[in-house]
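Enquirer: compute the structure for the input listed below.
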Amino acid sequence: MSHQNYRRYLAGSVVSNTGTWMQRVAQDWLVLSIPGNGGAALGITTGLQFLPVLLLSPYAGVIADRFPKRRLLQITQATMAVAALMLGVIAACGVAETWHVYVIAVAFGVGAAFDAPARQAFVSEMVGPDDVTNAVGLNSAAFNTARIVGPALAGVLIGLLGGGMRATGWVILVNAASYLAVIWQLERMDTRALHSPKPAARRPGMLLEGVRYLRDQPKMLMIMVLVFFAGTFGMNFQMTSALMATEVFGKGAGEFGLLGSALAVGSLSGALLAARRPRIRIRLLVLAAVGFGVAEIIAGSLPSYASFALFAPLIGLSTITLLNSANATLQVESDPEFRGRVMALYMTIVMGGTPLGAPVIGWIGETYGARWTLIVGGVLVLVGVGLALVVLRTAPRRAVAAPGGRSSAMLPS
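Expert: I've put the predicted structure just below:
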């Protein structure tokens, strides 16, 4: 917080993240308010919104390395603001149809795909390497605060405005306006205080160059293995919590929603603890991953809904500790000229693993019972920890010459 640019960024981010969580609730409610829609339409909307992130993030990392990130973020934020404005106007006028939501969800996802790697890599430009861990923790704290506040505000506003399609439109318009906070704060930044590297020149094979760079860094490769197993088999909370609440404990929607809040409380606590750490060691990454795996196994064995709800914050805490530590380490360890591509590959692995693992975990729940979704997920996370340590010990370390002639490889610490 001693960096003025970061203070401005964080202020805008809190407003924008709150608006984003408000839109997530309002968009779901909008889909369900259109006659004939149900869970399938809701799933398609979510899939269409995240599909561009999975497909375009690696290329978006190349763009983040080639152009000034501050200006790129203003463009991506404006793109998402326009998408939210269009959806909000259509819904507020009461004329929204399912295909409208689908098309705008894709447009929103394209903006998010190019926004994520630039935003992740821009953190180190605002604060420098010594404060990256602290900044990542504060970013996560802001995100999880919005995750608690945003849905509650959306629910209250939708109820006050009548609860129908028009009500969701006005809430979505609030989100459209919230993007202006980030755009304005980015414009107000002192560019002289930014630690911005010279944008990489355009050349063939930049994406493969980033992949090769990452492959030759054992510590980064180990992190990718950790987050792949955690994201693919462990972070299916929406599904596993719903199965545990309904099938094991016989609860309804209200109790299921409470589990999401409990996870968010743990995530917020973990984010605030992470913000205090000046440096991240491999030991913390490994312990966080082990703790996450063990926590899931224990959660799957708990006897009552009350004990499960009370234990849920520990899962949220271990999850966010792992993700924040991985994020900060990759930013500190990566060469500035490759940072955008590294963070894009990280986002692709974290987010891309869930569509692969969710059907497997869902099949396990249907075949063997809901408890096994958590138990098997936790065991596979621990398997991933073992493989990650093998990668760290055995992967050859090769010095990669970054453009400009300097070595971009860094020794694991």
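
Enquirer: can you pull out the helices in this structure?
Expert: Ranges of helices in the chain, per DSSP state H, are 4-33, 39-66, 69-92, 98-127, 132-160, 165-188, 206-215, 218-229, 237-243, 253-274, 282-299, 305-333, 339-368, 371-394.

Enquirer: and the third one, what's buried?
Expert: By neighbour count, and taking 16 or more other Cβ atoms under 10 Å as the criterion, the buried residues in helix 69-92 are 69-70, 72-74, 76-77, 79-88, 90-92. Heads up, the C-betas are built off the backbone N, CA and C, glycines and all.

Enquirer: ditto for the fifth one
Expert: Neighbour-count burial for helix 132-160, counted by 16+ other Cβ under 10 Å, picks out 132-151, 153-155, 157-158.

Enquirer: and for Pro359, the neighbour number?
Expert: Residues contacting Pro359 under the criterion other Cβ atoms under 10 Å number 11.

Enquirer: likewise the one 5 residues further on?
Expert: By the criterion of other Cβ under 10 Å, Ile364 has 19 neighbours.

Enquirer: ok, it to Gly340 distance?
Expert: Per Cβ to Cβ, to the nearest Å, Ile364 is found 37 Å from Gly340.

Enquirer: do Leu302 as well
Expert: Leu302 is 42 Å from Gly340, by Cβ to Cβ.

Enquirer: closest to Lys198 out of the helices of the chain?
Expert: Counting by Cβ to Cβ, Lys198 lies closest to helix 39-66 out of the helices of the chain; the figure is 10.3 Å.

Enquirer: what's the spacing between that closest one and its chain's center?
Expert: Its chain's average C-alpha position is 12 Å from that of helix 39-66, according to Cα atoms, centre = their mean, to the nearest Å.

Enquirer: residues in contact with Ala230?
Expert: Residues in contact with Ala230 (Cβ atoms under 8 Å, 6 or more residues apart in numbering) are 289, 292, 319, 322, 381, 384.

Enquirer: tabulate those (TSV), appending pLDDT, neighbour count and distance to Val25.
Expert: Formatted as TSV, the contacts of Ala230 follow (pLDDT from 0 to 100; neighbours: other Cβ atoms under 10 Å; distance: Cβ to Cβ, whole Å):
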residue	pLDDT	neighbour count	distance to Val25
Ala289	94	29	31
Phe292	95	30	27
Thr319	90	25	22
Leu322	91	30	27
Val381	94	28	29
Gly384	94	22	32
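
Enquirer: which of Leu302 and Gly340 has more residues huddled nearby?
Expert: Remark: of Leu302 and Gly340, Gly340 carries more neighbours, 30 against 19, as counted by other Cβ under 10 Å.

Enquirer: need the contact list for the closest residue to that one other than its chain neighbours.
Expert: Once flanking residues are discounted, Gly340 sits nearest to Ala64: 3.0 Å by Cβ to Cβ, 6 or more residues apart in numbering. Residues near Ala64 by Cβ under 8 Å, 6+ apart: 72, 114, 117-118, 121, 339-341, 343-344.

Enquirer: rewinding a little: from the contacts of Ala230, pick the one nearest Arg276.
Expert: So of the contacts of Ala230, ranked by how close each gets to Arg276 (Cβ to Cβ), first place is Leu322, at 16.4 Å.

Enquirer: I'd say the closest one and Leu285 touch.
Expert: Yes - using Cβ atoms under 8 Å, Leu322 is in contact with Leu285, at 6.9 Å.

Enquirer: where do the contact lists of these two overlap?
Expert: Shared contacts of Leu322 and Leu285, counting by Cβ under 8 Å, 6+ apart, come down to Leu226.

Enquirer: got the CA positions of the worst-scoring helix or strand of the chain on mean pLDDT in PDB?
Expert: When each helix and strand of the chain is scored by mean pLDDT, DSSP states H and E, helix 237-243 comes last, with a mean of 74. Extracted as PDB, the C-alpha positions of helix 237-243 are listed here (Å, rounded to 0.1, in the frame of the first residue of the first chain):
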ATOM      1  CA  PHE A 237     -16.300 -27.000  -4.900                       C
ATOM      2  CA  GLN A 238     -19.600 -26.000  -6.600                       C
ATOM      3  CA  MET A 239     -20.300 -29.600  -7.500                       C
ATOM      4  CA  THR A 240     -18.900 -31.400  -4.400                       C
ATOM      5  CA  SER A 241     -20.500 -29.000  -2.000                       C
ATOM      6  CA  ALA A 242     -23.900 -29.400  -3.700                       C
ATOM      7  CA  LEU A 243     -23.600 -33.200  -3.600                       C
END
